[in-house]
Structure formats: structure tokens, C-alpha cells
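Colleague: Based on what follows, work out the 3D shape:
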Amino acid sequence: MMGAKDAAAFRTILCSLLLLSLSCDCMAAELNQVQAALLQVNTSWEAARKIPQTLFGLFFEEINHAGAGGIWAELVSNRGFEAGGQNTPSNIDPWTIIGDESSIYVKTERASCFSKNIIALRMEVLCDECPAGSVGIYNPGFWGMNIEEGKTYKLVMYIRSMEPMELTASLTCSDGLQNLASADIVDNNVSDWRKIELQLIAQGTCRTSRLQLTTSKRGVIWIDQVSLLPSDTYKGHGFRKELIHMLMDLRPQFLRFPGGCFVEGNWLRNAFRWRETIGPWEERPGHYGDVWNYWTDDGLGYYEFLQLAEDLGAEPIWVFNAGISHRDEVDTTTLRPFVEDILNSLEFARGSAESTWGSVRAAMGHSERFPLKYVAIGNEDCYKQLYQGNYLKFYYAIREAYPDIQIISNCDGSSKPLDHPADLYDFHVYSNATFIFLMKEKFTRTSRTGPKVFVSEYAVTDPRDAGNGSLLASLSEAAFLIGLEKNSDIVHMASYAPLFVNDNDRFWSPDAIVFNSWQQYGTPSYWMQTFFRESSGSVIHPVRLASSYSSSLEASAITWKDNEDMFLRIKIVNFGPHAVNLTISATGLQAGVDTARSTVTVLTSSDLLDENSFSDPNKVVPVSSGLPSAAEKMQALLVPYSLTSFDLALDQYRELIAEM
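Modeller: Here you go, the predicted structure:
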């Protein structure tokens with residue numbers, strides 16, 4: 001540890017860093033062409049500026065089965081038989097018959113006890129001596145249910161029969177041969193709908209399991225609202241633990257939900273309706289997401305999104321429909337019912353447990369108010385004919401009822417001032433890697449007056465650069481985020497998009513996190529974001545790069561604290577094909593550096609287009625090492641195409657910790 005009693009003696013860091021060069025031949029060849037660069041960092045407290053606490057967060061959209069079959073742990077797909085539509089008989093996919101036409105006949109009927117989702121399944125068993133002992137139906141979930149030995153699964157369903165009923169509920173492997181768990185249901189009085197609840201304990205593991213409902217007794221059984229949930233969801237709130245842990249590791253400061261285009265719908269009849277996603281799950285009608293083309297039962301609804309934000313310790317950002325879809329719009333003169341509906345949604349989140357809608361929230365188990373402080377009026381609607389008129393109707397109604405709520409406009413105010421009031425404006429950017437890299441300078445030219453910036457969707461999406469999530473894409477995005485850090489006096493929020501993709505439904509690529517029924521991994525863009533998880537609420541310092549190669553470099557310096565420790569973090573993107581011999585000069589430093597607690601972290605790989613996968617989930621991940629011993633200068637060899645972070649542990653910064 002370097003001495004720290006005399007702070008003035010350490011206005012310049014005196015240590016030497018040596019990064020090990022990569023072993024691959026292609027990188028070794030590039031290292032022969034070493035460039036030189038000087039990074040000057042002014043660490044004086046007078047020159048520093050506080051970064052907003054909200055800078056980096058998450059944007060969740062129901063796309064790629066991110067929620068249904070993703071973070072929402074429900075294992076049954078089309079659990080209410082509503083996905084085939086309201087006209088009966090209808091398609092019951094992915095439910096499938098066990099047996100043949102001579103032994104079983106199934107169809108949907110408008111026979112449910114739930115008025116909002118009236119469709120139920122009628123299963124008629126025709127055989128007295130059924131083939132293989134029983135017939136029935138099975139549900140494979142979302143490309144197979146992950147059933148694990150020793151775990152408990154809660155099965156809930158509604159049944160009815162005019163005669164005494166015998167039914168067996170089983171969890172089996174996809175071929176139906178390996179029985180993992182089963183329970184018999186025998187009831188002589190189910191002439192009225194009866195709710196059945198069972199606990200199934202798995203006696204084995206199968207990653208592609210299915211739920212079977214079978215019988216060998218002739219007769220008719222009506223079945224509806226079949227739910228199967230693992231007992232070990234995150235905090236018991238219904239979220240898939242391992243995926244939530246990946247979100248927690250990013251330390252998000254906000255959660256924008258539920259979309260995206262999912263909010264709008266291609267047609268308004270298929271837009272997200274918050275009131276139909278709250279209350280008992282059995283009574284939620286679900287809806288068809290006609291933008292991303294799949295059915296959602298809305299078990300993951302408005303209430304659950306608010307709960308998720310709370311579980312993540314993040315500010316909720318509610319994106320609501322502005323009376324506009326991709327193909328139709330509500331005229332501003334007839335918008336009042338939509339405005340009242342959104343005011344009700346705010347009362348649901350923020351109202352007392354005695355208020356009309358707050359009492360509904362309390363009945364769902366959350367008597368405390370949710371701290372909803374941000375709303376976005378629509379999504380990507382600024383160019384629509386009626387957007388501004390509709391926006392103003394919502395804006396003034398919300399401002400009057402909830403003066404503290406920050407209102408976000410869809411219109412881009414980065415190039416010219418908005419012609420309507422807003423607290424923030426939304427900015428989206430998807431492009432190739434070079435374009436996103438150059439966007440690091442975008443907000444240096446933006447006016448410092450007026451609304452703040454919310455970069456709610458950004459990503460490299462050109463297939464030639466991004467693939468399913470490449471190193472190249474992540475480095476370009478890292479430079480862009482460094483630019484947002486530097487301009488965080490005007491940019492207050494930023495989030496990557498999309499967040500999740502189920503590997504079986506890659507409607508949009510790339511994405512931050514890839515999963516299937518039992519596995520998950522982060523793409524390089526996910527791991528890139530871990531370099532920025534301490535940025536929100538930290539302090540940023542001025543930096544200056546001097547090099548003939550500086551057009552391929554981008555750097556920032558922040559001071560951040562972890563409990564009672566404080567670190568100076570220097571991040572550098574080398575977006576070029578040559579290694580860089582970087583010298584760092586830090587002036588104004590008022591503390592010594594504890595090399596024993598300092599680290600160097602590098603994100604790179606042997607090929608620009610390298611990706612992670614289920615077979616190799618750690619191909620492109622950050623690698624950390626300790627800081628070498630102190631010497632005369634602080635120098636680092638940056639390998640080509642890399643993101644490097646130096647975390648220098650600072651001594652005797654107690655007064656500055658208090659100021660932060």
C-alpha cells in the first residue's frame with residue numbers, strides 16, 4: 001500500500017500496469033503495430049460532476065417470449081385455452097391429445113365460470129378400456145418444462161363434470177414415458193366448477209417435460225385455467241430466479257415496462273390494457289400481442305411489473321398507450337376515457353389502500369404505495385398525426401393530479417427544442433457498430449436547457465456487426481455509454497434493448513440475455529453493461545486523450561464508492577485493430593492508491609464477431625486481475641478491440657465519501 005498521510009504527495013498516480021497480451025495468433029500480429037496515447041485525468045473535486053442516480057437501468061418488453069415462458073415462471077402455455085380466440089371450437093395449441101379419435105374427443109366451449117375468459121376445454125372420454133390405460137391431454141409449456149428432482153410444483157386448475165370424476169395429473173418427460181410426479185384427483189361432486197390445488201414433488205429431472213391430465217373413466221370433464229408454478233420463484237413473487245439474479249447483477253436504477261411496440265399493438269384492440277392484467281390471475285383474459293405474434297395470458301401484468309421494479313430496487317417507468325397503435329388512432333376529441341383510465345392506473349400504483357384503485361392493489365397483497373414517479377406517454381409515436389394532441393391531454397391531466405410525476409415525451413428534442421412541455425424526451429438508436437461508436441459525441445451538441453434525455457433503447461443491430469450478440473457490438477455500445485456518462489448533465493437515463501430472448505423465439509436479435517427452459521447466458525453486450533453498474537450516482541471527472549490514434553479510443557473516469565471504500569475507475573474502449581501503449585496522468589488526486597485492493601478488468605476476445613452460446617457461455621466475458629506493484633509511471637498495454645477498466649482503490653477519502 002502506498003502511503004496516504006501526505007495527500008499532496010499523490011497528485012499523480014505512480015504505478016505501472018502490464019496487461020498480458022492475448023495468446024491467439026491474430027491478436028499477436030496486431031500487437032506488433034503498437035500505437036501510443038496519453039490519457040489525462042483531472043481528479044480534483046472542484047472539476048468533478050455528479051452523475052444522476054438514475055443513469056443506467058433496464059427496459060423490459062414482452063418480445064421474444066421474454067415474459068411468457070421467460071422471467072414469468074408460469075410453466076403452462078395457453079393455460080386458459082383462450083389463445084385460439086373467442087369463437088368456438090378453437091385451436092388449443094400447444095395442448096395436445098393423448099389417445100386417438102376413437103378414445104377421446106376434445107373441443108373448446110364458451111363454458112367457463114370466468115366471465116372475462118369464457119373459453120373452457122370439454123374433454124369427452126369415449127373408451128371403456130382406454131389404450132395404454134388412460135387418455136387425456138398434455139401441455140409442453142414453452143418448448144418444454146424444466147422439472148428438477150426434489151423441487152415442488154404447485155398445480156392449480158378448475159374442473160367440472162356431471163358424473164363422479166377420476167383424473168390423474170402427471171409431470172413426465174416429453175415422450176410421456178418417464179413419470180416425474182403424479183397425483184390422483186377423485187371427486188364425486190364436481191357438477192359445479194371446482195378449484196383443485198396440488199403440490200407435485202419431482203422424483204427426477206427432465207429439461208423438456210410436460211404436464212399430463214389423463215383418465216381411463218368414460219365421461220365428460222370440463223377443464224379451465226390450468227397453472228403450474230415452481231415453488232421457488234424469486235421472493236415468492238412468480239419470477240424465475242436465475243434470470244432475476246442476472247438483472248440484479250447489473251444494479252439497475254430504473255425499469256421501463258412493458259414495452260415498446262407491445263404497448264401500442266398493431267391494432268388498438270391488441271394493445272396492453274393494464275386493467276385486464278390485474279386482480280386474480282384466473283380472471284385475466286390475456287391478449288394476443290400482434291406485433292410480436294404470440295399470446296400472453298398476462299400473468300405478468302401491471303402489478304407484477306411494479307413488484308419487479310420494487311424487487312430490483314429500481315424506479316418504475318410506466319409506458320402507457322397514448323390512444324395510438326401502429327395502424328389506428330383515437331381522435332383527441334374522444335380521448336377522455338383513455339385519460340381517465342391512465343389516471344386510474346396511477347391511483348392503483350400510488351393511491352392509499354382506501355382509495356378506489358389503491359384498494360385493488362392492497363387486495364392483491366401490496367398495501368403500501370408503489371413509488372411511481374415516471375410515465376412515458378406512448379412509444380415511438382411522435383410522427384403519428386394525433387400524437388401531440390393526445391399527448392397534451394394526458395400531460396395536463398397527469399400534471400394536475402400528480403405534479404411530481406416526471407412525464408416523458410416520444411419526440412426527440414436533441415436536435416431542436418420540443419414544441420410541447422415535457423420533463424424528459426425519449427431517444428432510440430439502432431444501427432451498425434461504426435454508427436453507434438460515433439454516437440458517443442451525439443449529446444455534446446445538445447442544448448443544456450429544456451427536458452432531459454432518456455435513451456431508452458439502444459443497440460448495435462446490423463446483422464453483419466451484431467449477429468446474435470458480438471464483441472464488436474458490445475465495444476461500440478460501450479463507447480456510446482461513455483459518451484452518455486460524459487453528457488449525464490443532460491442525459492439522465494439509458495437502457496439497452498431488447499433485454500431478453502428465448503432461444504426458441506428469436507424474433508429480434510441481438511439481445512442482452514439468452515435463455516431456454518433451464519439455461520441462460522449473457523451476450524457480450526450484457527457483460528459490457530457490468531462495467532457501468534457503478535456509474536449511476538457516482539462522480540465523473542474530466543479526461544483528455546492525446547494520440548494520433550484517438551479517433552479509435554474513448555475513455556472516462558469516475559469516482560465511485562462501495563460501502564466504506566472508494567475507487568477511481570478509468571474505462572477505455574480501444575475500437576481499433578492496433579494495440580495501444582497508454583500512459584495515464586492523474587492530476588488533482590487527493591489520496592493514495594492501495595494497489596492490493598485495485599483491479600484491472602478486460603473484455604475482449606480472439607475474434608471481433610465472437611459470441612457466447614449455451615455450449616460456450618463464457619467465451620466473451622470480463623477477466624479481472626490484480627494491480628501490479630507501483631513503479632514510476634502508470635502505463636497500460638490495451639489490446640486491439642477491447643474494453644478495459646482500472647479500479648484504483650483510494651486511501652483516506654472519507655471526507656469525499658461523505659460528500660457523495
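Colleague: Report the strands that pair with the helix or strand harbouring R544, each with its relative direction.
Modeller: Under the assignment given by DSSP states H and E, the secondary-structure element containing R544 is strand 543-546. Based on DSSP bridges, the strands next to strand 543-546 in the sheet, each with its direction, are strand 35-42 (antiparallel).
Colleague: tell me how far the partner strand is from the chain's mean position?
Modeller: Here the centre of strand 35-42 is set off from its chain's centre by 36 Å, with Cα atoms, centre = their mean, to the nearest Å.
Colleague: Mind listing what's buried along it?
Modeller: Applying a neighbour-count criterion of 16 or more other Cβ atoms under 10 Å, the buried positions in strand 35-42 are Q35, A37, L39, Q40, V41, N42. All C-beta atoms are positioned from the backbone trio N, CA, C, and that covers glycine.
Colleague: And the helices in the stretch 451-600 of the chain, which stretches?
Modeller: In the stretch 451-600 of the chain, the segments counted as helices under DSSP state H, counting those that start in this stretch are 463-466, 471-486, 524-529.
Colleague: typo on my end, the stretch 101-250 of the chain
Modeller: According to DSSP H, counting those that start in this stretch, the helices that the stretch 101-250 of the chain contains are 241-248.
Colleague: ok, so of the buried residues of strand 35-42, who is nearest K416?
Modeller: Of all the buried residues of strand 35-42, the one sitting nearest K416 is N42; the distance, using Cβ to Cβ, is 32.7 Å.
Colleague: got a pLDDT number for that closest one?
Modeller: Here the pLDDT value assigned to N42 is 94.
Colleague: Pull the contacting residues for the residue lying closest to it once chain neighbours are set aside.
Modeller: Nearest residue to N42, sequence neighbours excluded (Cβ to Cβ, 6 or more residues apart in numbering): P542, at 4.6 Å. Shown in contact with P542 (Cβ atoms under 8 Å, 6 or more residues apart in numbering): V41, N42, A47.
Colleague: Distance check, the first one against G588.
Modeller: Think V41. From V41 across to G588, the span is 8 Å (Cβ to Cβ, to the nearest Å).
Colleague: How about the last one?
Modeller: Between A47 and G588 the distance is 7 Å, computed by Cβ to Cβ.
Colleague: Compare these two and say which one has the larger neighbour count.
Modeller: When A47 is set against G588 and neighbours are counted by other Cβ atoms under 10 Å, the residue ahead is G588, at 16 against 13.
Colleague: Quick one: low-confidence residue ranges for this protein.
Modeller: In the prediction, the chain carries residues with pLDDT under 70 at positions 1-32, 590, 628-633, 652-660.
Colleague: residue ranges for the strands of the stretch 501-650 of the chain, please.
Modeller: Assigned by DSSP state E, counting those that start in this stretch, the strands in the stretch 501-650 of the chain fall at 513-515, 520-522, 539-541, 543-546, 553-562, 565-574, 580-587, 593-603, 623-626, 634-638, 642-650.
Colleague: Throw the ones you listed into JSON lines and include mean neighbour count, thanks.
Modeller: Rendered in JSON lines, the data for the strands of the stretch 501-650 of the chain read as follows (neighbours: other Cβ atoms under 10 Å):
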{"stretch": "strand 513-515", "mean neighbour count": "24"}
{"stretch": "strand 520-522", "mean neighbour count": "21"}
{"stretch": "strand 539-541", "mean neighbour count": "22"}
{"stretch": "strand 543-546", "mean neighbour count": "15"}
{"stretch": "strand 553-562", "mean neighbour count": "21"}
{"stretch": "strand 565-574", "mean neighbour count": "24"}
{"stretch": "strand 580-587", "mean neighbour count": "20"}
{"stretch": "strand 593-603", "mean neighbour count": "18"}
{"stretch": "strand 623-626", "mean neighbour count": "12"}
{"stretch": "strand 634-638", "mean neighbour count": "20"}
{"stretch": "strand 642-650", "mean neighbour count": "24"}
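Colleague: K442: which of those is closest?
Modeller: That would be strand 553-562 among these, by Cβ to Cβ, at 12.6 Å.
Colleague: now that closest one, how far from the chain's geometric center?
Modeller: 24 Å.
Colleague: From the contact counts, what lies against it?
Modeller: For strand 553-562, the contact count by 3 or more Cβ pairs under 8 Å, 6 or more residues apart in numbering; DSSP states H and E identifies strand 35-42, helix 471-486, strand 539-541, strand 543-546, strand 565-574 as packing neighbours.
Colleague: want to try CSV for these, with distance to L650 as columns?
Modeller: As requested, these are exported to CSV (distance: least, Cβ to Cβ, whole Å):
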stretch, distance to L650
strand 35-42, 13
helix 471-486, 19
strand 539-541, 12
strand 543-546, 17
strand 565-574, 5
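Colleague: Looking at the ones you listed, spot the one closest to A649.
Modeller: A649 sits nearest to strand 565-574 of all these, at 5.6 Å, using Cβ to Cβ.
Colleague: now the closest one: how far from the chain's centre is it?
Modeller: The gap between the average C-alpha position of strand 565-574 and the chain average comes to 25 Å, counting by Cα atoms, centre = their mean.
Colleague: Stretch 335-347 now?
Modeller: Distance of stretch 335-347 from the chain centroid (Cα atoms, centre = their mean) equals 26 Å.
Colleague: Contacts for that stretch next, please.
Modeller: Defining contact as Cβ under 8 Å, 6+ apart, one finds that stretch 335-347 is touched by 274-275, 302, 318, 320-323, 330, 355-358, 372, 375, 390, 393-394, 397-398, 401-402, 405.
Colleague: contacting residues for the spatially closest residue to F531 that is not a sequence neighbour?
Modeller: Once its chain neighbours are removed from consideration, F531 has its nearest residue in S645; the separation is 5.3 Å (Cβ to Cβ, 6+ apart). Neighbouring residues of S645 by Cβ under 8 Å, 6+ apart: F531, R569, I570, K571, I572, V600, T601, V602, P622.
Colleague: The second one reaches T644, doesn't it?
Modeller: No - with contact defined as Cβ atoms under 8 Å, R569 does not reach T644; the gap is 10.8 Å.
Colleague: about what we covered before: to F437, which of the helices of the stretch 451-600 of the chain lies closest?
Modeller: Nearest to F437 among those is helix 471-486 (4.4 Å), distances taken as Cβ to Cβ.
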